[in-house]
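Visitor: After the sequence you'll find the predicted model.
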Amino acid sequence: MRLNDDLLVLELGTDFGTGPTLLHPVLILDAQAGHTLVDTGVPGMEGAIEAALAEVGATLKDVRQVIVTHHDLDHIGSLEAIVKTSGAQVWASERETPFIQGEEWPQKMPPQERVAALLADPQTPPHVRARLSLPRVAVRVDRTLHEGERLPLAGGVRVILTPGHTPGHLSLYLEGTGTLITGDALVSEGGQLQPPGRSSRRRWLRRASR
């Protein structure tokens, strides 16, 4: 969905084992500086993202930067594949960088010993087993973003650190159109904005980690 001159909001369907849901990576449009993809959805979503880019006559080859709002798997799952295809740089906050690069264990995952126990348990639900079996994302971050930094994209994009949902979560404010990209600093459920941490797509993980 073309939101305005600067933004294409992608609507990509997936299922976390608790029912279908939509993910919304965003493409910041800039013909001169190159397009910027914000977040990459779950693993295996690169084809769906490229198909969505066709709405504005773009392909993954036109993506110069990928900005990661935070390291949850539904935001970085297809990062490696997209970077491999596009050659884009990866930008993220300093605190999220070690998670994205695979140097720290993902914050929302159960501890490693709990993961091993769940995978060994024949009673573990198939959708939980499938998620826990996915390979960890480990992609190099090329540029660290800082609070208040102004990026020369689409007439000016301001970096706003919004920790809480994850330690280094960031949001992006597009000055030209007054648009705020919130990642999971805000979520939508039933058409209503909610604080982070209430999304139903993570309930399986909270149950699994008990």
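Guide: Great, that's in hand.
Visitor: How confident was the prediction at the residue most central in space within the chain?
Guide: In the chain, the residue lying closest to the centroid (C-alpha atoms, centre = their mean) is His75, at 1.9 Å. pLDDT for His75: 93.
Visitor: thought it was touching Thr40?
Guide: Yes - judged on C-beta atoms under 8 Å, His75 makes contact with Thr40 at a distance of 6.8 Å. All C-beta atoms are positioned from the backbone trio N, CA, C, and that covers glycine.
Visitor: where do the contact lists of those two overlap?
Guide: Val68 (C-beta atoms under 8 Å, 6 or more residues apart in numbering).
Visitor: Give me the secondary structure label for the residue nearest to the centre of the chain.
Guide: helix (DSSP: H, G, I helix; E, B strand; the rest coil).
Visitor: Distance check, it against Pro126.
Guide: 23 Å (C-beta to C-beta, to the nearest Å).
Visitor: what's the answer for Val141, then?
Guide: In this view, Val141 and Pro126 are 33 Å apart by C-beta to C-beta.
Visitor: Give me the more crowded residue out of these two.
Guide: Between Val141 and Pro126, counted using other C-beta atoms under 10 Å, Val141 has the larger neighbour count: 20 against 8.
Visitor: so who does that one touch?
Guide: Going by C-beta under 8 Å, 6+ apart, Val141 touches Val68, Val90, Trp91, Ala92, Thr97, Ile100, Gln101.
Visitor: 7 Å instead, please
Guide: Neighbouring residues of Val141 by C-beta atoms under 7 Å, 6 or more residues apart in numbering: Val90, Ala92, Thr97, Ile100, Gln101.
Visitor: where's the residue in the chain sticking out farthest from the centre, which helix or strand?
Guide: The centre of the chain is farthest from one residue, Pro122, which by C-alpha atoms, centre = their mean lies 30.9 Å away. Assigned by DSSP states H and E, Pro122 belongs to neither a helix nor a strand.
Visitor: distance of it from Thr166?
Guide: 32 Å.
Visitor: same question, Gly77
Guide: Taking C-beta to C-beta, one finds Gly77 at 15 Å from Thr166.
Visitor: Would you check that Ala154 makes contact with Ala31?
Guide: No - the criterion here is C-beta atoms under 7 Å, and Ala154 misses it with Ala31 at 9.8 Å.
Visitor: neighbour-wise, which of those two wins?
Guide: Between Ala154 and Ala31, counted using other C-beta under 10 Å, Ala154 has the larger neighbour count: 24 against 9.
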